[in-house]
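Q: Make a model of this:
(one chain, ligands or ions: 1)
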Amino acid sequence: MFSTRTRRVQTIPWAHPPTERHNGAMLSASGRRWGHTVRAVLNAANLTTVVGLLIALAGRSQLRGGGRGLVLAEHYRLGIPRRGAFTIGNVVLFPNGSLNDLAQRYPDILDHEGAHAWQYAACIGLPFFPLYAIASGWSWLRTGDAASANFFERTAGLSRGGYVEQPRSNAGWKRLIGMPGQERH
Ligand SMILES: [Zn+2]
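A: Purely as a prediction, here's the structure:
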């Protein structure tokens, strides 16, 4: 098991895209709709939403609209990845469950996943995948956990995504070089 050491997740002001910030208090409803439309068009054009829909269909997901231009793919049945939710383009996939199931534990999960949808748009689509992989590897080396020091997960909000932040202990580096006493406990 992973260590249970925790550190309070700090709020990062730039972690929340303007159109998502605190239920849109900063923007009018029409401004939010405009932002969500831009995001949907960008992720359709950069093909990541198409990839997301194909993976959702491969996983025999149940599709429905999620608002904000997002598509919810619930009860996704492929075994990977093993997480509560993940986003590809504007498609939010829920392995073996639904948004309502997950939102009971993590009420801001759709805000977190919506931030990932913005990240796809910002990365002009497919480059998101290698960049996310690099960020995950870096995070693992620094903390022993793929999310805690991952730029993309931190920007989307660790606590909103249900992650418990691990300290920067270089746990991954130490495991890699076989330093004693760094096995999981
Ligand atoms: Zn995330």
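Q: I'd assumed Ala73 was in contact with Ser98.
A: No. Using Cβ atoms under 8 Å, Ser98 makes no contact with Ala73, being 10.1 Å away. Just so you know, the C-beta spots here come from the backbone N, C-alpha and C atoms, and that holds for glycine as well.
Q: which of those two has more neighbours?
A: Neighbour comparison, Ser98 and Ala73: the larger count goes to Ala73, with 27 against 14 (by other Cβ atoms under 10 Å).
Q: If you drop the residues flanking it in sequence, what lies closest to whatever residue of the chain ends up closest to the ion?
A: Among the residues of the chain, Gly161 lies closest to the ion, at 4.2 Å counting by Cβ to the ion. Residue nearest to Gly161 in three dimensions, not counting chain neighbours: His112, with 4.0 Å by Cβ to Cβ, 6 or more residues apart in numbering.
Q: buried set for stretch 58-68?
A: Across stretch 58-68, burial judged by 16 or more other Cβ atoms under 10 Å covers Gly59, Ser61, Gly66, Arg68.
Q: What's the first helix or strand after the host helix or strand of Glu113?
A: Per DSSP states H and E: Glu113 is located in helix 109-122. Once the chain leaves helix 109-122, the next helix or strand it forms, by DSSP H and E, is helix 128-143.
Q: May I see the buried residues of stretch 58-68 organised as JSON lines, with distance to the ion added?
A: Below are those laid out as JSON lines (distance: Cβ to the ion, whole Å):
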{"residue": "Gly59", "distance to the ion": "18"}
{"residue": "Ser61", "distance to the ion": "18"}
{"residue": "Gly66", "distance to the ion": "16"}
{"residue": "Arg68", "distance to the ion": "16"}
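Q: Which of those residues fall within strands?
A: Among the buried residues of stretch 58-68, DSSP state E puts none in strands.
Q: sorry, back to before: if I look at the residue of the chain closest to the ion, how far off is Met179?
A: Per Cβ to Cβ, to the nearest Å, Gly161 is found 30 Å from Met179.
Q: more crowded one of the two?
A: Remark: of Gly161 and Met179, Gly161 carries more neighbours, 23 against 12, as counted by other Cβ under 10 Å.
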